[in-house]
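Participant: Provide a 3D model corresponding to the input given below.
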Amino acid sequence: MERLLPPRPKHPLGCHNPRVPDRAAMDAIFFVLRTGCRWSALKETKICSSSSAHRRFQEWTRAGVFAAFWREGLLAYDALRGIDWTWLALDGAMGKAPLGGGENRPQSDGSGQARGQALAADRRPRRPARGGHRRGQPQRP
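Facilitator: You can find the predicted model right below:
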């Protein structure tokens, strides 16, 4: 992984806090990616500060480090076990609908419940629906 990292930038004045080691920053980044925790949760792990890890993540993403790491991993796996490159699939879950829908598209047949009308387990409304009146307040005409 180290050979994929860009050279460490030099501070123009040469007088600043020492940079967090690359290994600690990468460990923190992988921890966030593996666990799905927030960057701010790194404070409790004592691996690396959240700001340093996130800054390094952005720097390395812009430099293409993670794309290169992915590519190297695929090539290593291909050399070790082999990848059938003739069979490929694309997940279209993130793609837009082909027709896209417009502003004047028909609305779905909803349940007919207005927002805030969900009933609790005891079947009593939790709060009045919007525009309804509360005790002691007159209804609007």
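
Participant: pLDDT score assigned to the nearest residue to Trp60 once chain neighbours are set aside?
Facilitator: Once flanking residues are discounted, Trp60 sits nearest to Phe66: 6.5 Å by Cβ to Cβ, 6 or more residues apart in numbering. In short, each C-beta sits where N, CA and C put it, glycine included. You'll see Phe66 listed with a pLDDT of 92.

Participant: can you check Cys48 too?
Facilitator: The model's pLDDT for Cys48 equals 89.

Participant: so it sits right up against Val32, yeah?
Facilitator: No: using Cβ atoms under 8 Å as the test, Cys48 is too far from Val32 to be in contact (10.1 Å).

Participant: neighbour count winner among the two?
Facilitator: Neighbours of Cys48 and Val32, each counted by other Cβ atoms under 10 Å, are more numerous for Cys48; the result is 22 against 19.

Participant: circling back to that earlier point, identify the contacts common to Cys48 and Val32.
Facilitator: Residues within reach of Cys48 and of Val32 at once, by Cβ atoms under 8 Å, 6 or more residues apart in numbering, are Leu42.

Participant: Is the residue nearest to Trp60 part of a helix or strand, or is it coil?
Facilitator: Following DSSP: H, G, I helix; E, B strand; the rest coil, Phe66 is assigned to helix.

Participant: So what's the residue count around it?
Facilitator: 14.
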